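> Provided below for reference: sequence and predicted model.
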Amino acid sequence: MTSVDKPTTEKPTPDQDAQADKAVTEAALFEAFGGVRGMVETVLPGLLFVTIYTINKDLRSSAIAALAVSLVLVAVRLIRRDTVKHAFSGVFGVAFGVVFAMMTGNAKDFYLPGMLYTLGLALAYIVTTLAGVPLIGVILGPVFKENLSWRTRNPGRKKAYAKASWAWGLILLAKCAILFPLYWWADTAQLGWVLVALKIPPFLLAVYLTWVFLAKAPPPIDVFAEMEAEEKAEKAAKAAEKAAKAEEARQAAAQGRPEA
């Protein structure tokens, strides 16, 4: 057998383990935040609204077009049996904006529910971090199969989640600091185009910082695997106990004495 044919039993090096952890982190973030497709679904309805409104200044046609494209995106995901949470969140956001704008008759109000949501989310990231339960950890914990184990069992990850939540909160607050003055001072088209421009870059910055913090953190504790191991151990213990009782019964029968 040549050296090429010999089976390898080498363990991964620390660098290889680190690269694997980073790859897992990238995949988890991609899944949690929807990836490229999720970003397109987030941007497209608002882009369509502001484009049509810039051309014809008609609130009704702009709102209907934005809502229609949101519904089409959901339908496509349903037909392909893909995850629909990102598309559904887009539909609800657009629907709230359409209803609000139609009620007030002010086209700028199409954007107000989303702006208020962004402000509320920014405060949620900051408040939960101050409370010791950073929101980004609550969101990503199930994705990494660690649930909330990082709170008490993995202080390094808790610290990383706190840093990431601060990053999300401050980035979203900075975004609000730009948008809310424009809501009062700018016209609908100007506000809309700024909103479209600010959809992706702050999001990518927050995701990148989250990846940086988590890539340097200890690996997650797989609580699902722990529960499966405990369940298997419990089954094995019950099987051993049952086998012991059966053996005891067999020995009692062999000795001709009644069972206890």
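Perfect, thanks for sending it.
> Just give the number of residues close to Thr118.
Around Thr118 there are 19 other residues, counting by other CB atoms under 10 Å. The way it works is simple: take the backbone N, C-alpha and C, and place the C-beta from them, glycine included.
> With Val207 instead?
Val207, neighbours per other CB under 10 Å, totals 19.
> Not counting the one helix or strand it maps to itself, show me its contacts.
Using DSSP states H and E, Val207 sits in helix 201-215. For helix 201-215, the surrounding residues in contact (CB atoms under 8 Å, 6 or more residues apart in numbering) are 21-22, 25-26, 29, 33, 39, 136, 140, 157, 160-161, 163-164, 167-168, 171-172, 174-175.
> Repeat that for stretch 221-238.
Contacts for stretch 221-238 (CB under 8 Å, 6+ apart): Lys145, Glu146, Asn147, Ser149, Trp150, Arg153, Asn154.
> I'd assumed Pro220 was in contact with the first one.
Yes - using CB atoms under 8 Å as the test, Lys145 is close enough to Pro220 to be in contact (6.8 Å).
> and the contacts of stretch 221-238, which of them are in helices?
Counted as lying in helices by DSSP state H, out of those, are Trp150, Arg153.
> which of the contacts of stretch 221-238 has the most neighbours?
When neighbours are taken as other CB under 10 Å, the top entry among the contacts of stretch 221-238 is Trp150 (26 neighbours).
> what secondary structure does the closest residue to it other than its chain neighbours sit in?
Leaving aside its sequence neighbours, Trp150 sits nearest to Arg157 (CB to CB, 6 or more residues apart in numbering; 4.1 Å). Applying DSSP: H, G, I helix; E, B strand; the rest coil to Arg157 yields a three-state assignment of helix.
> ok, which pair from the contacts of stretch 221-238 is furthest apart?
Farthest apart among these by CB to CB are Lys145 and Arg153. That separation is 13.5 Å.
> Report the distance from the strand or helix carrying Val69 to the chain centre.
Taking DSSP H and E as the criterion, Val69 maps to helix 59-80. Between the centre of helix 59-80 and the centre of its chain there are 23 Å (CA atoms, centre = their mean, to the nearest Å).
> Check which element follows it along the chain.
helix 85-104.
> so what does that following helix touch, helix or strand wise?
helix 35-56, helix 59-80, helix 112-130 (3 or more CB pairs under 8 Å, 6 or more residues apart in numbering; DSSP states H and E).
> who touches the closest residue to Lys159 other than its chain neighbours in this structure?
Spatial nearest neighbour of Lys159, excluding adjacent residues (CB to CB, 6+ apart): Ala217 at 7.3 Å. Applying CB under 8 Å, 6+ apart, we find Ala217 in contact with Gly156, Arg157, Lys159, Ala160.
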